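> structure for this input, please:
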Amino acid sequence: MLDNREGQPVPQVTFRTREGNEWRDVTTDDLFKGKTVVVFALPGAFTPTCSSTHLPRYNELAPVLKANGVDDIVCLSVNDGFVMNAWAGDQSAGNIRFIPDGNGEFTDKMGMLVDKQDLGFGPRSWRYSMLVKDGVIDRMFIEPEKPGDPFEVSDADTMLNYINGEAALPKRVTVFTKPGCPHCSRAKKALAENGYVFEEIELGSRGLSYSSLAAVTGAGTTPQVYIEGERIGGADELDAWLKA
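I've put the predicted structure just below:
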């Protein structure tokens, strides 16, 4: 039975983290004392659900969470500092603080250490999230004890809904661009000035060609702006959409 520790203080441990080329000890108090912190814990860096959904959505909703009183968002896994830093770089998740629980000490004291030897992982964290206020656990969302790796309640949307069920979600924006395109620069500037965070997909990177652009967007020119799945079009169409 996994341990729900709501109303209890977080365990006192020291995490061995890496900053640059140096070791840096980070204590429980460093992370939680005097702060409101969201923690999401997961089985491992670079694993599929963690990389494709769990972490990216917390990174995406971080500005909304922080606008609703959260000071920091911590991703915790039973991995070493080198692995966690490499994963952080791979994910470009600048809104998240990555904490390695290399020996599983924090996870064990939380009652969340589980055996994943069948996958060759050894001891790992069960997937869960929690809201911690000044070192005391206010709320925990623990994934149900089912076979495999359930992902039903520890997601960012569930946490945000608990903190403020009326919070407005950010729109998802993607911009297809090409190097040296002045209209692309104009579209990106307009989005930024209007408070939109966007993902940029540049032709020539990620194997994206003009043929692929036309197949995906129905247009062969850049930029092509999409907001919540709706094709807005180029820079002029974006200007008109923003003024509407």
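> list the buried residues of the helix or strand bottoming out on mean pLDDT in the chain.
The helix or strand of the chain with the poorest confidence is helix 210-217; it has a mean of 86 (mean pLDDT, DSSP states H and E). Taking 16 or more other Cβ atoms under 10 Å as the neighbour-count basis, helix 210-217 is seen to contain the buried residues Leu213, Thr217. Every residue, glycine included, has its C-beta placed from N, CA and C.
> cool, stretch 136-151 as well?
Ile137, Arg139, Met140, Phe141, Ile142, Glu143, Asp149.
> gap between the two ends of it?
Terminal residues of stretch 136-151 are spaced 24 Å apart (Cα to Cα, to the nearest Å).
> centre of the chain to it, how far?
A distance of 17 Å separates the C-alpha centroid of stretch 136-151 from that of its chain, computed with Cα atoms, centre = their mean, to the nearest Å.
> over to stretch 216-229?
Averaging C-alpha positions (Cα atoms, centre = their mean) puts stretch 216-229 25 Å from its chain's average.
> start to end distance for that stretch?
Terminal residues of stretch 216-229 lie 12 Å apart, using Cα to Cα.
> okay, the buried residues of stretch 136-151 in CSV with secondary structure, pLDDT and distance to Ser212 next?
Listed next are the buried residues of stretch 136-151 as CSV, based on DSSP: H, G, I helix; E, B strand; the rest coil; pLDDT from 0 to 100; distance: Cβ to Cβ, whole Å:
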residue, secondary structure, pLDDT, distance to Ser212
Ile137, strand, 98, 47
Arg139, strand, 98, 44
Met140, strand, 98, 43
Phe141, strand, 98, 39
Ile142, strand, 98, 42
Glu143, coil, 97, 37
Asp149, coil, 92, 32
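> ok, Gly104 to Leu65 distance?
Per Cβ to Cβ, to the nearest Å, Gly104 is found 27 Å from Leu65.
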